[in-house]
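Visitor: quick one: sequence and predicted model below, then my questions.
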Amino acid sequence: MSAFAQTDFNSDRYERCRPTYPNEFFQILDNYHQDKQRLLVDVGCGPGTATIQMAGEWKAFDRIIGTDLSPAMIQTANQLSNTVHDNRLSFYVSSSDDFAFLGPNYKNQQTVDMITAAECAHYFDEKRFQGAVASNLRSRGTIAIFGYGDAIFLDYPKTDAIINDVSYGKEKLGSLWDEPGRTIAREMLAKWSFDPKFFTDIEDFSLQATTLRSTAASELPQKPLLIIREMTVAEYASNIRTWSAYHTWQKKFGGSKPELGNEFIKNVNKVYPELTASTKVRVAYSTYYKFARRI
């Protein structure tokens, strides 16, 4: 996460290029949630993309707060929230396990109805985060952790090796990820478990993107978090440029090595000559979600 928190990290490009969550998933989460909808806190909100989307989906919440450790991310989130004119929204610079922004009369008083963590929990100290959630989430309130892992070009399986190489190859980004966070994310928080002292009614589901090559979403045993975006090959290369490891690579090697995004486009074209930078492809992401209720 250190790259995201650095002042020179491009939070605007991050917001433009990262995948968004489908409205259908927020309906799944809404169906899970019980009782009151007064206060929602979205921790690790980044540039506020998911926070603002949830505000649009859930009009019943009185307040929706996004928090992130990165001042640059929060600055972008505030700029975006100004465009939607929703006075229920507010954003604060804060770590995932510090709810001081609620104020002394509300911090650690179990006043929050829902806490979400989208594509960020792999960076958290699991024990400290769950303790903070337990202290601030009301009884029967919802904790929802969700996100995505690696992506594939759904209709072009020979690009899997190219995506894997740029992501994890020794000469590419393999050694530049923040660990153990990246491994946890790549495994889609498989080892994360809610503490039964605090949480119950657990729902846990993950989807490998490659499954979608052989199985329709409607045939899956549980409703998935389904992220399939149509984008050009060049747009996916722009997505690569938002990765924290790319930010580190650029600072170490930018100008001295061929640029990774452009090399990615060239390599895709080698295995599929019909795929140029401007060709649109379907990009599917491996995804996960974990829901629980405060006892």
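Guide: Thanks, I have it.

Visitor: show me the contacts for residue 106.
Guide: Neighbouring residues of residue 106 by CB atoms under 8 Å, 6 or more residues apart in numbering: there are none. Backbone N, C-alpha and C define where each C-beta goes, glycine included.

Visitor: quick check: the gap between the residue sitting nearest the centre point of the chain and residue 45.
Guide: Nearest to the mean C-alpha position of the chain, by CA atoms, centre = their mean, lies residue 119 at 2.3 Å. Separation of residue 119 from residue 45 (CB to CB, to the nearest Å) stands at 10 Å.

Visitor: what do you get for residue 112?
Guide: For residue 112, the distance to residue 45 - CB to CB - is 14 Å.

Visitor: repeat for residue 74
Guide: 8 Å.

Visitor: common neighbours of these two, please.
Guide: Joint contacts of residue 74 and residue 45 (CB under 8 Å, 6+ apart) are 66-68, 91.

Visitor: give me the secondary structure label for residue 237.
Guide: Assigned state for residue 237: helix (three-state reduction, DSSP: H, G, I helix; E, B strand; the rest coil).

Visitor: OK, contacts around the residue lying closest to it once chain neighbours are set aside?
Guide: Once flanking residues are discounted, residue 237 sits nearest to residue 261: 3.6 Å by CB to CB, 6 or more residues apart in numbering. Contacts for residue 261 (CB under 8 Å, 6+ apart) come out as 237-238, 240-241.

Visitor: make TSV from those and add distance to residue 37 and pLDDT to it.
Guide: Formatted as TSV, the contacts of residue 261 follow (distance: CB to CB, whole Å; pLDDT from 0 to 100):
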residue	distance to residue 37	pLDDT
237	40	96
238	36	94
240	37	95
241	37	95
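
Visitor: list just the nearest of these to residue 99.
Guide: Residue 99 lies nearest to residue 241 out of the contacts of residue 261, by CB to CB, at 33.2 Å.

Visitor: what distance do you get for that closest one to residue 18?
Guide: Look at residue 241 and residue 18: by CB to CB, they are 11 Å apart.

Visitor: just the helices in the stretch 101-250 of the chain please.
Guide: Here the stretch 101-250 of the chain has its helices, by DSSP state H, counting those that start in this stretch, at 126-136, 160-168, 181-186, 233-240, 244-253.

Visitor: what's the first one in contact with?
Guide: It refers to helix 126-136. With contacts defined as CB under 8 Å, 6+ apart, helix 126-136 is touched by 41, 43, 96-99, 102, 107-112, 115, 117, 121, 143, 192, 194-195, 198-199, 294.

Visitor: again, only using 6 Å
Guide: The contact list for helix 126-136 (CB atoms under 6 Å, 6 or more residues apart in numbering) reads 96-97, 99, 108, 112, 115, 143, 195, 198.

Visitor: so who does residue 212 touch?
Guide: Residues near residue 212 by CB under 6 Å, 6+ apart: residue 284.

Visitor: report pLDDT for it.
Guide: For residue 212, the pLDDT comes out at 97.

Visitor: spit out the contact partners of residue 205.
Guide: 222, 289.

Visitor: so residue 293, which of the three states?
Guide: Recorded secondary structure, residue 293: strand (three-state DSSP).

Visitor: before we move on, what about residue 64?
Guide: Judged by three-state DSSP, the three-state class of residue 64 is strand.

Visitor: so it sits right up against residue 87, yeah?
Guide: No. Residue 64 lies out of contact with residue 87 (CB atoms under 6 Å); the separation is 10.3 Å.

Visitor: who has more neighbours, the two?
Guide: Counting neighbours by other CB atoms under 10 Å for residue 64 and for residue 87 shows that residue 64 has the greater number, 26 against 7.

Visitor: the more buried one: what's it in contact with?
Guide: By CB under 6 Å, 6+ apart, the contact list for residue 64 reads 40, 55, 88-89.

Visitor: most neighbours, which of those?
Guide: In the contacts of residue 64, the most neighbours by other CB under 10 Å go to residue 40, 26 neighbours.

Visitor: the strand or helix carrying that one pairs with which strands?
Guide: If you go by DSSP states H and E, residue 40 is part of strand 39-43. Strand 39-43 has these partner strands in its sheet, going by DSSP bridges: strand 63-68 (parallel), strand 112-118 (parallel).

Visitor: these into JSON lines, with extra columns for distance to residue 218?
Guide: JSON lines is the format used below for those (distance: least, CB to CB, whole Å):
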{"stretch": "strand 63-68", "distance to residue 218": "31"}
{"stretch": "strand 112-118", "distance to residue 218": "25"}
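
Visitor: out of the ones you listed, nearest to residue 31?
Guide: Closest among the strands paired with strand 39-43, once you apply CB to CB, is strand 112-118, at 12.9 Å.
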